[in-house]
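In: okay, predicted coordinates and the sequence, questions at the end:
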Amino acid sequence: MRILETKHTTMRFGGVTAVEDLNLYVDQGEIVAIIGPNGAGKTTTFNMMTGVYAPTEGQIMLAKKDGNLEDITGVRPDLIAKRGVARTFQNIRLFSELTALENVLTAQHLHVKSNFATAMLGLPQYKKEERAFRKRAMELLEIVGLADQADSMATSLPYGQQRRLEIARALATDPRLLLLDEPAAGMNPQETQELTTFVSQIHEQFGLTILMIEHHMQIVMDISHRIYVLDFGKTIAHGTPDEIKNNERVIDAYLGVAEDAEG
Amino acid sequence: MNVLIPSMEQFVQGIANALSLGSLYSLVAIGYTMVYGILRLINFAHGEVFMMAMYFVFYVTTLFQAPWYIAFIAGIVGIALLGIVIERAAYKPLRNAPRISVLISAIGVSYLLQNLAVVCFSGIPKQFPSVPLFQDVIIVGGVHIQRMVIIVPIITAILVAALLYLVNHTKMGIAMRAASRDFDTSRLMGINVNRVISITFCIGSLLAAVGAIMWGLKYPKIEPYVGVMPGLKCFIAAVLGGIGSIGGAVIGAFLLGFIEIMLVLFLPGLSGYKDAFAFVLLIIILLVKPTGLLGDKAGVDKA
């Protein structure tokens, strides 16, 4: 079942075409990777999918709960989040001066049923909801192995833990589709290995569909079902990890360079 | 210039008055600091929101012969709505504009409301309704004070405690703090940032309305420019405490209240300069510690 599909999606910034005629789909339960050199338009793609940018041309379709695709082109980011799309960021964007637990709590905001008045009056319904949210947030922190850091300031955590906290925060929105923007960026081989295991684990545990941008070929080849390769905004290849490994254009544009860069 | 040594009674009275004035300042200063925290905007229309609250209560009382408590509640609700309307009309359309445009819009709203008040309510001062429950003079330990000198700090303490609870321990508060750090990420986490901003204006205006009512009971003269000086002083209080920080605004407000009252008490010769003194204080803070006492460093970086 299709969960996300872009149709001839193009994004231009002035004269620069960041993404051109992108036709990408993700099926329910898949792990799909987008790879490509810097400036290929990968993060722009994520920004269009999450409503940060409205594409210049084309459409973005997202499956509703009943499975029918719905046009979400240009829909507000908070409403797309509500429809079940969560993301992490290439450069970590945790809320500074909020604790790890509070960062996760922000993401549950869209599930709040109580209104402002019940909150101010501290009615039982509100308190009950509040407790349930905290419990859920703690569970998520436990899953990512940060339960003991719940009250630490998010930005004071070590880098690897901040990455995992971002994933916990994304999971707190209760997503069907999780977009990971370079989750392994800046990690050493050991941490990358752990992350690979971790992503597979949450994929199964939460029945998630995952679309990720990643430069580490090892993690991409290990866990993705399909791969899209972007170069200068154009899709130059699409296929299974094996197909991509042996694709001449991909090797030219990307894989050869990546080997050097990562040593 | 003579330094006057006040009697013990005068001193105690001074402390009580300073607490009461500091409380009034806090209620208004919080509005500045909350709006700055979330929009990085000095809401120059805040003093006019204060002024409108006094007129609102005045007209509800005189036109409808409403008892004071109805008028106060109507005033608080009406002004909370006015805060939301101002934000929707004058600031929301400029969400992606440079911050200076929003600032100019705020100054525009300020003048608009002042002149609207002159046109609609005339420049002739009105008398704020008197409420004996608040204004009767009582004697506590040989010191003569108005009852409200005690009531105002209590009301303020309750409201500030409720606000701090809201901001620090509820989802709405977390959403506010998240939005004040990063709009884009907040939206991606499903937070409706515009709603959070509306609520911020609603709370800020509501507190300003409570402050204005208390102010009116203490200084009952209402005229279209009545909000200017309290507005500016509370802005100074917010900067003094560290703009963006609620605790800072309260501390700044009490400091300013104490400094003003004590200046008059100890140096009566300089009492005519007490307003000027507040501005000297502002200049000193901006020169020495621009982030204020509990400076919001992240906010300044972002600004």
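Out: Okay, I see it.

In: alpha carbons of stretch B:240-254, in PDB - could you do that?
Out: Extracted in PDB, the C-alpha atoms of stretch B:240-254 (Å, rounded to 0.1, in the frame of the first residue of the first chain):
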ATOM      1  CA  LEU B 240      16.000  45.200  33.900                       C
ATOM      2  CA  GLY B 241      15.000  41.600  34.800                       C
ATOM      3  CA  GLY B 242      16.100  40.200  31.500                       C
ATOM      4  CA  ILE B 243      13.500  40.400  28.700                       C
ATOM      5  CA  GLY B 244      12.100  37.000  27.800                       C
ATOM      6  CA  SER B 245      12.200  35.700  31.300                       C
ATOM      7  CA  ILE B 246       9.000  35.800  33.400                       C
ATOM      8  CA  GLY B 247      10.800  35.500  36.700                       C
ATOM      9  CA  GLY B 248      13.100  38.300  35.500                       C
ATOM     10  CA  ALA B 249      10.200  40.600  34.700                       C
ATOM     11  CA  VAL B 250       8.800  40.100  38.200                       C
ATOM     12  CA  ILE B 251      12.100  40.800  39.900                       C
ATOM     13  CA  GLY B 252      12.700  43.800  37.600                       C
ATOM     14  CA  ALA B 253       9.300  45.100  38.400                       C
ATOM     15  CA  PHE B 254       9.800  44.800  42.200                       C
END
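
In: which residue ranges of the chain form strands?
Out: You didn't pick a chain, so chain A it is. Under the criterion DSSP state E, strands of chain A are mapped to A:2-13, A:16-22, A:25-27, A:31-35, A:57-63, A:69-71, A:85-87, A:177-181, A:209-213, A:226-231, A:234-239.

In: hm, I was asking about chain B
Out: For chain B, strands defined by DSSP E occupy the ranges B:126-127, B:137-140, B:143-146, B:221-222.

In: residue A:199 against residue A:223, yeah?
Out: Yes - counting by C-beta atoms under 8 Å, residue A:223 is a contact partner of residue A:199 at 6.1 Å. In this view, the C-beta of every residue, glycine as well, is placed from N, C-alpha and C.

In: now the common contact residues for these two.
Out: Residues touching both residue A:199 and residue A:223 (C-beta atoms under 8 Å, 6 or more residues apart in numbering or on different chains): residue A:31.

In: quick check on the two: which one has the bigger neighbour count.
Out: residue A:199 (24 against 19; other C-beta atoms under 10 Å in any protein chain shown).

In: who in chain B is up against chain A?
Out: Proximity of chain B to chain A is confined to B:162, B:166, B:170-172, B:174-175, B:177-178, B:181-182, B:184-193, B:199, B:298 under the rule C-beta under 8 Å from any C-beta of the partner chain.

In: quick one on the thing from earlier: reformat the strands of chain B as a markdown table; add distance to residue B:20.
Out: Below are the strands of chain B laid out as a markdown table (distance: least, C-beta to C-beta, whole Å):
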| stretch | distance to residue B:20 |
| --- | --- |
| strand B:126-127 | 21 |
| strand B:137-140 | 13 |
| strand B:143-146 | 8 |
| strand B:221-222 | 18 |
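
In: reformat those as TSV; add mean pLDDT and mean neighbour count.
Out: Shown next, in TSV, are these (pLDDT from 0 to 100; neighbours: other C-beta atoms under 10 Å in any protein chain shown):
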stretch	mean pLDDT	mean neighbour count
strand B:126-127	94	14
strand B:137-140	85	10
strand B:143-146	85	16
strand B:221-222	94	17
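
In: quick one: pLDDT of residue B:279?
Out: pLDDT for residue B:279: 91.

In: you'd agree residue A:55 is up against residue A:8?
Out: No - here residue A:55 does not reach residue A:8: they are 9.2 Å apart, not a contact under C-beta under 8 Å.

In: looking at those two, which is more packed in?
Out: residue A:55 (23 against 12).

In: residue ranges with poor pLDDT in the chain?
Out: Picking chain A for this. Within chain A, the stretches falling below the threshold (pLDDT under 70) are A:110-122, A:254-263.

In: nope, chain B
Out: B:1, B:296-303.

In: how does it look with 50?
Out: Within chain B, the stretches with pLDDT under 50 are B:298-303.

In: tell me the helices in chain A, going along the chain?
Out: With DSSP state H as the criterion, chain A has helices at A:42-49, A:77-82, A:100-106, A:116-121, A:124-143, A:159-172, A:189-205, A:217-223, A:241-245, A:248-250, A:256-262.

In: could those go into TSV alongside distance to residue B:279?
Out: Shown next, in TSV, are the helices of chain A (distance: least, C-beta to C-beta, whole Å):
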stretch	distance to residue B:279
helix A:42-49	46
helix A:77-82	42
helix A:100-106	38
helix A:116-121	36
helix A:124-143	43
helix A:159-172	44
helix A:189-205	55
helix A:217-223	60
helix A:241-245	67
helix A:248-250	66
helix A:256-262	58
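
In: okay, those, which one's buried deepest?
Out: For the helices of chain A, the largest average neighbour count (mean count of other C-beta atoms under 10 Å in any protein chain shown) is found in helix A:100-106, namely a mean of 27.

In: residues contacting it, please?
Out: Applying C-beta under 8 Å, 6+ apart, the external contacts of helix A:100-106 come out as A:94-95, A:98, A:133-134, A:137-138, A:140-141, A:146, A:149-154, A:157, A:165, A:168-169, A:172, B:171, B:174-175, B:177-178, B:186, B:189, B:191.

In: so residue B:109 makes contact with residue B:87?
Out: No - contact criterion C-beta under 8 Å: residue B:109 and residue B:87 do not qualify, at 9.7 Å.

In: neighbour count: those two, which is higher?
Out: Between residue B:109 and residue B:87, counted using other C-beta under 10 Å, the more crowded position is residue B:87 (24 against 21).
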